[in-house]
Structures are given as structure tokens and as C-alpha cells.
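Engineer: could you work out the structure for the sequence below:
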Amino acid sequence: LVLVGPLTFVPTLWEAFIAPNIDALRTLTWPLMAVINAAQFISVCHRGDWRIRLVSFVWVLVCLAIFLATLLR
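Structural biologist: Okay, here's the model as predicted:
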């Protein structure tokens, strides 16, 4: 389940870029989630297998993309 976790966020990412009104996504959740995911990614890099590292990296990318969408729109 951990390996497919980022795929569950694809609809949210899609909505963040194409929705006419994304005010519901403008919360402090996204920048904080990006910081937490980055810290978790660094932790996993020290002790984790390649699959968990890959998923962590994808999570960071997804969260940063949503955060950028809320800033730019």
C-alpha cells in the first residue's frame, strides 16, 4: 500500500491545476506536508531500500507540485 500511496493523490494534483477555484486547497497543510516529506525522505535515504526511497521521492514531488499550484494560481 505504501508503494501506491502517491497515486492516490493524482486526482488532487489534477484538481489543483485545472479547477476554476482552488481556494479550498490553500491551507498550511501543503507547505508543512512538503517539509515533513522532505525530512522523511532524508531519513529514509540513510536506512531504507530503493522502493521506499522511490516512493518517498515521488511523495515529495507530488506535494511540491500541489504547493506550487496553490501559489501560482
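
Engineer: so what does the helix ranked longest in the chain touch, helix or strand wise?
Structural biologist: What stands out as the longest helix in the chain, according to DSSP state H, is helix 50-72. On a contact count with 3 or more Cβ pairs under 8 Å, 6 or more residues apart in numbering; DSSP states H and E, helix 50-72 meets helix 10-18, helix 29-46. The way it works is simple: take the backbone N, C-alpha and C, and place the C-beta from them, glycine included.

Engineer: quick one: low-confidence parts of the protein?
Structural biologist: Filtered on pLDDT under 70, the chain yields the residue ranges 1-3.

Engineer: on that earlier part again, could you dump the helices and strands packed on helix 50-72 into a markdown table and include mean neighbour count and distance to Val62?
Structural biologist: A markdown table is the format used below for the helices and strands packed on helix 50-72 (neighbours: other Cβ atoms under 10 Å; distance: least, Cβ to Cβ, whole Å):
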| stretch | mean neighbour count | distance to Val62 |
| --- | --- | --- |
| helix 10-18 | 13 | 6 |
| helix 29-46 | 14 | 9 |
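
Engineer: among those helices, which comes closest to Leu64?
Structural biologist: Leu64 lies closest to helix 29-46 among the helices and strands packed on helix 50-72, at 5.5 Å (Cβ to Cβ).

Engineer: show me what that closest one is in contact with.
Structural biologist: By Cβ atoms under 8 Å, 6 or more residues apart in numbering, the surrounding residues in contact with helix 29-46 are 52-53, 56-57, 59-60, 63-64, 66-67, 70.

Engineer: who touches stretch 6-20?
Structural biologist: Outside stretch 6-20, the residues within contact range by Cβ under 8 Å, 6+ apart are 22, 25, 55, 58-59, 62, 65-66, 69-70, 73.

Engineer: still on that earlier bit, now render the helices and strands packed on helix 50-72 as JSON lines, adding distance to Val4.
Structural biologist: Output for the helices and strands packed on helix 50-72, formatted as JSON lines (distance: least, Cβ to Cβ, whole Å):
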{"stretch": "helix 10-18", "distance to Val4": "11"}
{"stretch": "helix 29-46", "distance to Val4": "16"}
